[in-house]
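*Asks:* After the sequence you'll find the predicted model.
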Amino acid sequence: TWGPGAVFGMTLLPGNRIYWYGTISNDEFRGSSLPTLKAMALDRFGHWSPAIAQVIGRTDEQAVMAHELFDRKPEPVWSGRSSTLVGDAAHPMLPFLGQGACQALEDAVALADALAAHPNVQEALLAYDAERVPRASRAAQRSRAMARLTQLERPGLRSVRNTALRILPQGLRLKQLDSVLGPAAS
């Protein structure tokens, strides 16, 4: 659910459990005077829908966690002569495309392939950078753009976004994910 300056999501887990999350700005989080994380979540999201209020209300206080998110541009070069970066160290990624761990796994495979294909470490690391930097950087940039799109604060911009999403054909909306997930199988 996309709301004013925030996102709330939930998914069913095995054992009739529900995983849920909500986003608020770091400043709003740090500035809250509410006594608990659960109270903060109920205050921020409870009025969005009865289902959201019910899920948060049924969650044990001890099960509610909070993590601040920080963003920075991916590094343009990950490797030195004999060492390299992978995952968040190279390309920290906001969670709005669900690609952080996926891109780290791609890094690991590409690094292993490069090391196997090249006679020395320095050449392998150059090949690894050439393959991974552009793709992971695009994924990080798209995740940042999705964060902005989903957390719009200004009502007028949210209205334009919502209208555009309603009139845009589903196939075209899904096509936007091709560069991250690969083209859908036909």
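*Replies:* On my side now, so go ahead.
*Asks:* For residue 64, list the residues it contacts.
*Replies:* Residues counted as contacts of residue 64 (Cβ atoms under 8 Å, 6 or more residues apart in numbering) are 36, 37, 38, 41. Every C-beta, even on glycine, is put in place using the N, C-alpha and C of the backbone.
*Asks:* Surely the third one touches residue 61?
*Replies:* Yes: at 4.9 Å, residue 38 counts as touching residue 61 under the criterion of Cβ atoms under 8 Å.
*Asks:* could you pull out the strands for the protein?
*Replies:* Remark: strands assigned in the chain by DSSP state E are 2-3, 6-13, 17-22.
*Asks:* what's the burial count for residue 67?
*Replies:* Per other Cβ atoms under 10 Å, the neighbour tally for residue 67 reads 8.
*Asks:* can you check residue 173 too?
*Replies:* Residue 173 has 11 neighbours, counted by other Cβ under 10 Å.
*Asks:* List the contacts of it.
*Replies:* Residue 173 neighbours (Cβ under 8 Å, 6+ apart): residue 165.
*Asks:* got the angle for the biggest helix by length in the chain vs strand 6-13?
*Replies:* If you go by DSSP state H, the chain has its longest helix at helix 121-150. Here the directions of helix 121-150 and strand 6-13 differ by 110 degrees (axes from the mean of the first three to the mean of the last three Cα atoms, to 10 degrees).
*Asks:* and helix 121-150, what other elements does it pack with?
*Replies:* For helix 121-150, the packing partners by 3 or more Cβ pairs under 8 Å, 6 or more residues apart in numbering; DSSP states H and E come out as helix 100-117, helix 178-181.
*Asks:* how does it look with 10 Å?
*Replies:* Secondary-structure packing of helix 121-150 (3 or more Cβ pairs under 10 Å, 6 or more residues apart in numbering; DSSP states H and E): strand 2-3, strand 6-13, helix 100-117, helix 155-167, helix 178-181.
*Asks:* can you tell which of those is closest to residue 147?
*Replies:* strand 6-13 (8.6 Å; Cβ to Cβ).
*Asks:* Run through who's touching that closest one.
*Replies:* 1-2, 17-25, 28, 41, 44-46, 48-49, 51-52, 55-56, 95-96, 146-147, 150-153 (Cβ atoms under 10 Å, 6 or more residues apart in numbering).
*Asks:* No further questions, thank you.
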